[in-house]
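In: Need a 3D model of the following:
(one chain, ligands or ions: 1)
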Amino acid sequence: VVISLKGFLMAKEIHPQLKCNEFSLDDVLIPPASKPPEFDPSVVDTTARLTKKITLKFPIIGSPMDTVTGPEMAIFLAEMGGIAVIPQAKLNIRQTHQQSVESQAQQIAIVRRERAGFVLEPKVLGPKATVLDVIKGEQEFGYSSYPVTKDGTTKTSIIGIITGADVQDVDASEYNLPVRKVMTPRAKLVYAKREETLDINDIRAANRIIRARKLDTLPILDNEDRVVALVTRSDIKKDDKFPLATKDQNKQLQVLAAVESRPQLAIPRIEAIANSGIAGIVIDSRNIYGGYKEIAAYAKKQNPDLDVIVGNIVHPNVLRVVLEEAGGLIDAFRVGIGTGEVCTTSEDLGVGRAMGSALNDLNKAFNEEINKNDRYGYIGFIPDGGIKFPRHFFISAILIKNFAGVMMGSYLAGFDQSASPKIQREPGVNVKSVRGMGSAGAIEDRFGPGSSRYGQERIDPSKRYPEGIQKDIPAIGDGHPHLERFRSGVQTAMQSVGAKNIEELYQIAVVNTVSKAASKGTL
Ligand code: CPR
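Out: The predicted structure is shown next:
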């Protein structure tokens, strides 16, 4: 906002609340270190804590927007070291006529299945099963390793293991051979004991055996030789490829899910998904009001391990009130109103706040006063809306001590991994679409005729002022190189100020608010 000095003085006389010192992230420039850094950007650690429990090695958080985050985006971001929030409804819900709770649960399941971890209740075969059963199984389920047990269930002891490699060279004329003729028998079986792996949730121990013995599949056995779980090599290959991945104790990818801000909608949803393997919920709302406390309490009751993220906030007083009311229930806050790329809240409604000022005020109030004596412990703050360059990540992490990672929507929307389909506008020009969740199209799909919620709520989409837009953006291909470059940009910036990690960054960096020309580096 530019306001003339005369205008400022006049306005000040009229309205004592007028503040004119707000700054956005783009009004800030960070001077480089005063002595040359002695380390390479590639060693800079970008790890941040999302909540007390969840750590993200490259903290990019996929926004719960239907054009952005589906299972593919969630897997991609978790593999890259971030995490994503699966929105309440899948894109094109109108066409698929899927109930939104079911489609969200399905999407969560896809992400959670991406890494098997300990495969509990694995499929097993009996001694009479044939090579053909193994081959058919591969076509049907996509895997070809099975423990073979006395009676073909996990209730009896193991007599061997059959893998894809064992059947690979069997001639088609011998497909009716019983598996016991080609399997690795019990006497030669490499296995792990449940007390040394599964019972202490130590998947690494299992993986060590898989690597050392060059196995495809490792059965985990109890004292009576019964199979209680399997661990497979396919996970290890993926682990090697994605060293920053965000995983739980069972080495499965972590994911969050959005729920509505109204208890009557959020509660049945939480009931359905609380134990689906999600790490937490995001109560999705443009600002905090009403039922958040009831929803958070219900979520923690259903599953005390769930983290609860709320938002969006820009004012320390909201932070104070929420923590006073519901301190033990809230683990992180989304910060930012009106700054999103496809959001028109600032422009059309005149509501919003510059991200820099919001982070700065929240930081001061939280550290100097609200969290005195570490009353609430670690609470994460997630800058959300308008983040598209490494500088936005870097500067946010300097402005807020409990930097939990940045939430992104539009920046991710052009990647192959986004939920929006690629459309060819003209030969050689591929686009994807991104829309705000309060845009006319999104409201129509979520609440209009044809949606599963039509008539359940007092929302007439045609009478709602849209708070966002839908737009085409270039389809820029696979997201991996883009995010890798983004991270390298953050690392270079951090190295330039002499910070080896996010904690040091907050301690070391000096923040200058500067003119527009200075922030753009023009003379
Ligand atoms: P971008 O990364 O797209 O700039 O911003 C994403 C964020 O914008 C979302 O996480 C959400 O907080 C906000 N947002 C999404 N749709 C919106 C509408 Cl219609 N209006 C206002 N804010 C919106």
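In: hey, let's count contacts and neighbours off CA atoms from now on
Out: Noted.
In: ok, now which ones touch the residue in the stretch 101-250 of the chain positioned nearest to the ligand?
Out: Sorted by distance to the ligand under CA to the nearest ligand atom, the residues of the stretch 101-250 of the chain start with Gln104, at 17.6 Å. Taking CA atoms under 8 Å, 6 or more residues apart in numbering, we find Gln104 in contact with Ile86, Pro87, Gln88, Ala89, Lys90, Ala257.
In: Tell me which of the residues you listed fall in strands.
Out: Ile86, Ala257 (DSSP state E).
In: got a winner among the contacts of Gln104 for most neighbours?
Out: The most neighbours of any of the contacts of Gln104, using other CA atoms under 10 Å, belong to Ile86, which has 31 neighbours.
In: Next one: the closest residue to it other than its chain neighbours relative to Gly380, how far apart?
Out: In space, Ile86 comes closest to Ala257 once its chain neighbours are excluded; the distance is 4.7 Å by CA to CA, 6 or more residues apart in numbering. With distances taken as CA to CA, to the nearest Å, Ala257 is found 17 Å from Gly380.
In: Tell me the gap between stretch 101-109 and the middle of its chain.
Out: Averaging C-alpha positions (CA atoms, centre = their mean, to the nearest Å) puts stretch 101-109 15 Å from its chain's average.
In: How about stretch 487-501?
Out: Per CA atoms, centre = their mean, the centroid offset for stretch 487-501 relative to its chain is 23 Å.
In: How about stretch 462-481?
Out: Worked out by CA atoms, centre = their mean, stretch 462-481 lies 19 Å from the chain centre.
In: go on, stretch 237-248?
Out: Centre-to-centre, stretch 237-248 and its host chain are 14 Å apart (CA atoms, centre = their mean).
In: What's the first helix or strand after the lowest-mean-pLDDT helix or strand in the chain?
Out: Every helix and strand of the chain was ranked by mean pLDDT, DSSP states H and E. The lowest is helix 93-96, at a mean of 52. Counting by DSSP states H and E, the next helix or strand C-terminal to helix 93-96 is helix 100-113.
In: From the chain's centroid, how far away is that following helix?
Out: 14 Å.
In: Next, the buried residues of that helix.
Out: Going by neighbour count (16 or more other CA atoms under 10 Å), the buried part of helix 100-113 is Ser100, Val101, Glu102, Ser103, Gln104, Ala105, Gln107, Ile108, Ala109, Ile110, Val111, Arg112.
In: And stretch 417-436, by the same measure?
Out: Neighbour counts over stretch 417-436 (16+ other CA under 10 Å) mark 417-422, 430-436 as buried.
In: from the chain's centre, how far out does that stretch sit?
Out: 22 Å.
In: Over that stretch, what's the mean pLDDT, rounded is fine.
Out: For stretch 417-436, the mean per-residue pLDDT is 93.
In: Which positions in the stretch 51-200 of the chain make contact with the ligand?
Out: Counting by CA under 6 Å from any ligand atom, the stretch 51-200 of the chain comes close to the ligand at Ser63.
In: how far away is the residue lying closest to Val44 once chain neighbours are set aside from Val170?
Out: Leaving out its chain neighbours, the residue that sits closest to Val44 by CA to CA, 6+ apart is Lys500, at 4.7 Å. Distance, Lys500 to Val170, using CA to CA: 55 Å.
In: One more: Ala266?
Out: Taking CA to CA as the measure, Ala266 and Val170 are separated by 54 Å.
In: who has more neighbours, those two?
Out: Each of Ala266 and Val170 has its neighbours counted (other CA under 10 Å); Ala266 has more, 25 against 14.
In: what does the stretch 301-450 of the chain put close to the ligand?
Out: 338, 340-345, 384-387, 407-411, 436-439.
In: List buried residues within the residues you listed.
Out: Among these, those classed as buried by 16+ other CA under 10 Å are 338, 340-345, 384-387, 407-411, 436-439.
In: Spit out the contact partners of Asp472.
Out: Val431, Lys432, Ser433, Val434.
In: typo on my end, it should be Gly311
Out: By CA under 8 Å, 6+ apart, the contact list for Gly311 reads Ile283, Asp284, Ser285, Arg286, Asn287, Ile288, Phe333, Arg334, Val335.
In: now do 7 Å
Out: Gly311 makes contacts with Ser285, Arg286, Asn287, Ile288, Phe333, Arg334, Val335, as judged by CA atoms under 7 Å, 6 or more residues apart in numbering.
In: what does Phe333 give?
Out: Contacts of Phe333 by CA under 7 Å, 6+ apart are Ile309, Val310, Gly311, Asn312, Gly380, Phe381, Ile382.
In: Surely the second one and Val335 touch.
Out: In this case it means Val310. No - assessed by CA atoms under 7 Å, Val310 is found out of contact with Val335, at 9.2 Å.
In: what about stretch 337-355, start to end distance?
Out: Note: stretch 337-355 ends 8 Å apart using CA to CA.
In: Could you do stretch 270-289 as well?
Out: 18 Å.
In: Tell me which residues of that stretch come out buried.
Out: Within stretch 270-289, the residues that count as buried by 16+ other CA under 10 Å are 270, 273-274, 277-288.
In: Of those, which pair is most distant in space?
Out: Gly277 and Asn287 (26.8 Å; CA to CA).
In: pLDDT weak spots in the protein?
Out: Across the chain, residues meeting the criterion (pLDDT under 70) sit at 1-20, 92-99, 450-458.
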